[in-house]
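K.L.:
Attaching a predicted model along with its sequence, questions to come.
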Amino acid sequence: MDQNPAEPDASTAVAARPPARKPRVRKPAAERQKPKEVALSIRGLVKRFDSRIAVAGIDLEVPAGTLYGIVGPNGAGKTTTLSMVTGLLKPDAGSVAVHGTDVWSDPVAAKRKFGVLPDQLRLFDRLTGGQLLYYSGVLRGLDKNAVRLRSADLAAAFGLEDSLDRLVADYSAGMSKKIAIAAAMIHSPRLLVLDEPFESVDPVSSANIIEILQRYAKAGGTVVLSSHTMNLIERVCDSVAIIVNGSVLAQGRMADVRAGSTLEERFVELAGGRRAAEGMEWLHKFSD
Amino acid sequence: MVAQILRLKLLLLANSFRRTPWQIVGLILGLLYGVGTATFLAASLVALRFADVEVSAPIVTVFGGLSLVVFALLPLMLGIDDILDPRRFSLFGLSNTTLATGIGLASLLSVPAVVIAIVAVAQTVTWSAAPGAYGLSVAAAVLIVLTAVLSARIATTLASFLLSTRRSRDVSTLVVIVLIIAIAPLVAVLASVDWATNGIQVLTDIAAVVGWTPLGAAWAAPASAAAGAGSAALAQLAIAIVWLLVLFVVWRVLLAAVLTTPERHAQAKKYLGLGWFDRLPRTPAGAIAARSITYWIRDSRYVTSLAIIPVIPFIMVVTFVVAGMPLQALALLPVPVMCLFLSWSVHNDVSFDNSAIWLHLASSTSGRDDRWGRLLPALIVGVPLVLGGSVISAAIFGDWGVLPSLIGVSAAILLTGLGLSSILSARFPYPAVRPGDSPFSQPQAGGNTAGLIQGLSFFGILLLAAPAIVAAVLGFTINPGWHFAALGAGLVVGVVGLIAGVRIGADVYDQRSSELLAAALKN
């Protein structure tokens, strides 16, 4: 994707700053006069499960109009962080604000501003795809005609036209993911928080979804998404945060975080845990 | 390899004790229940040693055969969580015979198998008076245990294979309900037999047939020997042995088939349009109500609990009629009982959603919308039930004077019950059967709270409806004028209870919404 010209430099974004009024460094002076507002601001987020610390004080600032990637190894705390961001899991400490509205002190106003795709949570899968979209839309306060119109648009965009009359329980994993993303978008939120949106989605559908997200960002929407697929994050996202063991090890513009290598190399270097493939010679002598 | 499968099963059993304390309590209760059943049956069999052969033979044969039927059918009715599913071994490259023997023998290491083993051993005591019969009974004991375990094994494998698709699981629950309904008249017929005078004669007639079927033969062989019919005894033993061999061959063939057959996939059905979502208001509460109704119709967990509701008063009435109560008085029973179970059935409604409840949280659905939406289907079914059902009941009873009481009591039970359920489902959700699981399976995360909440909500409803019930009783005993007091009390208590319950439930829901998801995730 083309670099969004209106994007502030987020590489130095830290907790203490007031919402994004940062000087712009990369673009010509003519474009500097309208700094982007902060779509999502996370400060000092902490979550413990019994004695294990899942999220150990995360600060992030996501500027509006960007595609923001969150990457990390398994168990790094990505899903826990995103659950707290979306108001599904109560943090032990810290605050989350969406376009200036605090998620945990003013949940009703904040939740109106974002759409959510949680990972590993069930859908109401005894509804048909069409019913699920309708249900999501009406719960979000849309009226019937808007829901119908948008359901049809979303179904066409995600290639689900023929599946709207089938139960979500009978969908494949990739189709369930797509209908869930569509349901997250139906109320045209300012911010989309998508946990593993491309998992088990086929390449053609992925490309469609990415295009939808890029057009959405160009129009001023913000997308925060997590993924294991580094190539995809590197190709698609403007900015990225690398989370390991519940802490942010690097964040900022893609080019700054990559620092000359690929995102994958940089990630493996930061995350550690790469082991030399020595030993195991027995594996090379086959048993029959 | 057979030894390794046995060791695996032992390890799995041992590991089931390494869970949370409450799960262990549940497991120990299960064990105690099994041991208790076994002790009772064993004691009965030992006592039969001192009875005449004419008495003990038919009893052992009939109930023995019945126990094998139960043993084979139990896995079909209960939820199936087959920890030794043959498919799990499919990638280890074991020969089918090894696997069939290993899994078959490993099935001996389970609570039901131990129960049947104790019963089989006790059966040898019954026949220990006659040496010939005793010898046969030892052989029969081995046959009984192996037959029971192997038929349960085949049933489990068949069930987990055939019931692997969602739709077939849904259908199976209806089959079980039909069976329950079918058994009720049978119980009534059996209850009508004058057991004290004709009992043994009836059992002897049944045993004459059952003793020659594969399930009863092993039990009948020592009995025949004890009665002096040596050739019959040997023939029955032969039937039992052949049956065991047949079972093993079937098991071996089934295992080979299961290992190489891909999982079944159901044809997806199409549902046109938005269904109930089109018929109800397009508000959040309306959409939640439409979703609930859709689930009541489509989700076998709801279908089962709804289908059971008319069955309960039916069985109660049959039982009371058999016990000699007049049918006329019993006409008053079904409507209040159905209202009780209908309003009680939604007391854990949030847990039925499991983690899908996130959608309500993410869209900050208000507690009021959520509560009313979930109650609406129960009201749609319940209000016509109260009105229509009461009129029919009063007509059968033959006195229109009781109609106000009937409506009052039923309305009080239905409405306060729904109010109470509104509070409890938000405040005390406990693990329920997960979406897509068999309605008869036990939730994975068993808890100590489930029984408590179930009891609390059940008796809470009766307590809240007490004013109407008391007034109705006074109407029957003292003065028919009380019937109108019951109507008034019932409607007032019901409406106030419903509105207050929903309001409190809505507040609780609003405050605890993220805890609700956390509770669902533990399920």
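P.N.:
Nice, thanks for sending it over.

K.L.:
quick one, strands of the chain?
P.N.:
With no chain named, the answer covers chain A. Counting by DSSP state E, chain A has strands at residues A:38-49, A:52-63, A:67-71, A:93-98, A:101-102, A:114-117, A:191-195, A:222-226, A:239-244, A:247-253.

K.L.:
my bad, chain B
P.N.:
Going by DSSP E, chain B shows no strands.

K.L.:
Any chance of the strands of chain A in TSV with mean neighbour count, distance to chain B and mean pLDDT as columns?
P.N.:
Yep, even glycine has a C-beta here, placed from its N, CA and C like the rest. Output for the strands of chain A, formatted as TSV (neighbours: other CB atoms under 10 Å in any protein chain shown; distance: least, CB to the nearest CB, whole Å; pLDDT from 0 to 100):
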stretch	mean neighbour count	distance to chain B	mean pLDDT
strand A:38-49	20	10	92
strand A:52-63	21	13	91
strand A:67-71	27	18	94
strand A:93-98	20	12	93
strand A:101-102	15	12	92
strand A:114-117	25	4	93
strand A:191-195	24	9	94
strand A:222-226	26	14	94
strand A:239-244	25	21	92
strand A:247-253	19	23	91
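
K.L.:
Any idea which of those strands gets closest to residue A:279?
P.N.:
Judged by CB to CB, the one of these that comes nearest to residue A:279 is strand A:239-244, at 25.5 Å.

K.L.:
so residue A:97 makes contact with residue A:39?
P.N.:
No: assessed by CB atoms under 8 Å, residue A:97 is found out of contact with residue A:39, at 9.5 Å.

K.L.:
So residue B:499 is in contact with residue B:418, correct?
P.N.:
No: the pair residue B:499 / residue B:418 is not scored as a contact, 10.4 Å apart, by CB under 8 Å.

K.L.:
Against chain A, how distant is the nearest residue to residue B:500 once chain neighbours are set aside?
P.N.:
Take residue B:500 and drop its neighbours on the chain: the residue closest to it by CB to CB, 6 or more residues apart in numbering or on different chains is residue B:419, 6.2 Å away. Distance of residue B:419 to chain A, computed by CB to the nearest CB, to the nearest Å: 24 Å.

K.L.:
so what's residue B:419 up against?
P.N.:
Going by CB atoms under 8 Å, 6 or more residues apart in numbering or on different chains, residue B:419 touches B:464, B:497, B:498, B:499, B:500, B:501, B:502, B:505.

K.L.:
Surely the third one and residue B:415 touch.
P.N.:
Yes: distance between residue B:498 and residue B:415: 4.2 Å, which falls inside the contact criterion (CB under 8 Å).

K.L.:
More neighbours: these two, which one.
P.N.:
Taking other CB atoms under 10 Å in any protein chain shown, residue B:498 and residue B:415 do not tie; residue B:415 has more neighbours (31 against 22).

K.L.:
How about the more buried one: what's its closest non-neighbour residue?
P.N.:
Of all residues not flanking residue B:415 in the chain, residue B:494 sits nearest, at 3.2 Å (CB to CB, 6+ apart).

K.L.:
rewinding a little: take the strands of chain A and write them to TSV, including distance to residue B:107.
P.N.:
Listed next are the strands of chain A as TSV, based on distance: least, CB to CB, whole Å:
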stretch	distance to residue B:107
strand A:38-49	38
strand A:52-63	38
strand A:67-71	47
strand A:93-98	52
strand A:101-102	58
strand A:114-117	43
strand A:191-195	42
strand A:222-226	44
strand A:239-244	46
strand A:247-253	50
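
K.L.:
separation between residue B:359 and chain A?
P.N.:
6 Å.

K.L.:
Would you confirm that that residue contacts residue A:140?
P.N.:
No: here residue B:359 lies out of contact with residue A:140, judged by CB under 8 Å, at a distance of 9.7 Å.

K.L.:
picking that back up, what about residue B:499 and residue B:418, which has more around it?
P.N.:
Neighbour totals were compared for residue B:499 and residue B:418, and residue B:418 leads with 29 against 12 (other CB under 10 Å).

K.L.:
give the contact list for that one.
P.N.:
Residues counted as contacts of residue B:418 (CB under 8 Å, 6+ apart) are B:343, B:346, B:375, B:378, B:379, B:382, B:498, B:501.

K.L.:
give me the subset of these touching chain A.
P.N.:
Near chain A, judged by CB under 8 Å from any CB of the partner chain, there are no entries from the contacts of residue B:418.

K.L.:
thought residue B:255 was touching residue B:86?
P.N.:
Yes: counting by CB under 8 Å, residue B:255 touches residue B:86, with 5.0 Å between them.

K.L.:
hmm, back to that, pull the most distant pair out of the contacts of residue B:418.
P.N.:
B:382 and B:501 (14.2 Å).

K.L.:
returning to what we had before: local confidence estimate at the residue nearest to residue B:500?
P.N.:
For residue B:419, the pLDDT comes out at 95.

K.L.:
next one: residue B:158
P.N.:
On the pLDDT scale, residue B:158 gets 79.

K.L.:
can you give me phi and psi for residue A:103?
P.N.:
Dihedral pair for residue A:103: phi -70, psi -40, per degrees, to the nearest 10.

K.L.:
Quick one: residues contacting it.
P.N.:
Contacts of residue A:103 (CB under 8 Å, 6+ apart): A:85, A:86, A:87, A:95, A:96, A:97, A:110, A:111.

K.L.:
Could you export stretch A:216-233 as CSV, keeping only the C-alpha atoms?
P.N.:
Backbone C-alpha positions of stretch A:216-233 (Å, rounded to 0.1, in the frame of the first residue of the first chain) are rendered in CSV as follows:
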residue,chain,number,x,y,z
TYR,A,216,-11.3,2.0,4.7
ALA,A,217,-8.0,3.4,6.0
LYS,A,218,-7.7,5.8,3.1
ALA,A,219,-11.2,7.2,4.0
GLY,A,220,-9.9,7.9,7.5
GLY,A,221,-10.7,4.6,9.3
THR,A,222,-8.2,2.8,11.5
VAL,A,223,-7.4,-0.9,11.6
VAL,A,224,-5.5,-2.6,14.4
LEU,A,225,-4.9,-6.2,13.4
SER,A,226,-2.8,-9.1,14.8
SER,A,227,-1.3,-11.8,12.8
HIS,A,228,1.4,-14.5,12.7
THR,A,229,2.0,-13.9,9.1
MET,A,230,4.9,-11.5,9.0
ASN,A,231,5.0,-11.1,5.2
LEU,A,232,1.4,-10.0,5.2
ILE,A,233,1.8,-7.5,8.0
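
K.L.:
Thanks again, I'm all set now.
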